[in-house]
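*Asks:* pasting a predicted model and its sequence here:
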Amino acid sequence: MPQRSVDLRCAALLALAKRGGAAASDVLSAHLTGVPEAVADYAVIGLAGVGDDRAWSELHTKLRRQLDRPPPALQPREITPGLKQFQVLLTIAYLPRHLSGSPSERIPRLVATLRSRFERLYRVEQDWLSEHWPGITPNGPRPDRLAPPDPAPFQALVYATHLFGPVH
């Protein structure tokens, strides 16, 4: 597939997310698999920014696959949203937004995934998660005693990509 086609698909998904908001969740979810990786990445960004909870299971599965990588050897000093290496954080950013009032199994599933693969995150990601979701570290409290995090920092992380700002 020519790169121009991939770029157009990415731009179209982002425009749809910005225009349609949560109503675009079904279309964004449909672009998580079976598409070029860049297109799936933009679908994740759109869902993390505005998506409803319909893609929770798919993004949880995607997170598990992303974190099946070996622990990173090179450690960046800061998080730069939008860089490919931090795509995992954008996937994570979607998931906690849909824990409150959600099916009771979501918190334990997400906590188990993050704790069992915590060493596969960059240290700056570990520090960021520990700061914004105290107790998520592998030695944290039992999942049934862990409150969902404040969604605001996760949303701010997505908006720090500057993909949701005005186009000038």
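*Replies:* Nice, I can see it.
*Asks:* for stretch 76-90, the distance to its chain's centre please.
*Replies:* Relative to the centre of its chain, stretch 76-90 is centred 11 Å away, using Cα atoms, centre = their mean, to the nearest Å.
*Asks:* contacts only, for the most centrally placed residue in the chain.
*Replies:* Nearest to the geometric centre of the chain sits residue 91, at 1.5 Å (Cα atoms, centre = their mean). Counting by Cβ atoms under 8 Å, 6 or more residues apart in numbering, residue 91 makes contact with 44, 48, 59, 62-63, 66. In short, each C-beta sits where N, CA and C put it, glycine included.
*Asks:* now the residues you listed as CSV including neighbour count and distance to residue 35?
*Replies:* Output for those, formatted as CSV (neighbours: other Cβ atoms under 10 Å; distance: Cβ to Cβ, whole Å):
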residue, neighbour count, distance to residue 35
44, 28, 11
48, 27, 17
59, 25, 15
62, 21, 12
63, 20, 18
66, 19, 16
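*Asks:* relative to residue 158, which of those is nearest.
*Replies:* residue 48 (4.5 Å; Cβ to Cβ).
*Asks:* for the closest one, give its distance to residue 161.
*Replies:* According to Cβ to Cβ, to the nearest Å, residue 48 and residue 161 sit 9 Å apart.
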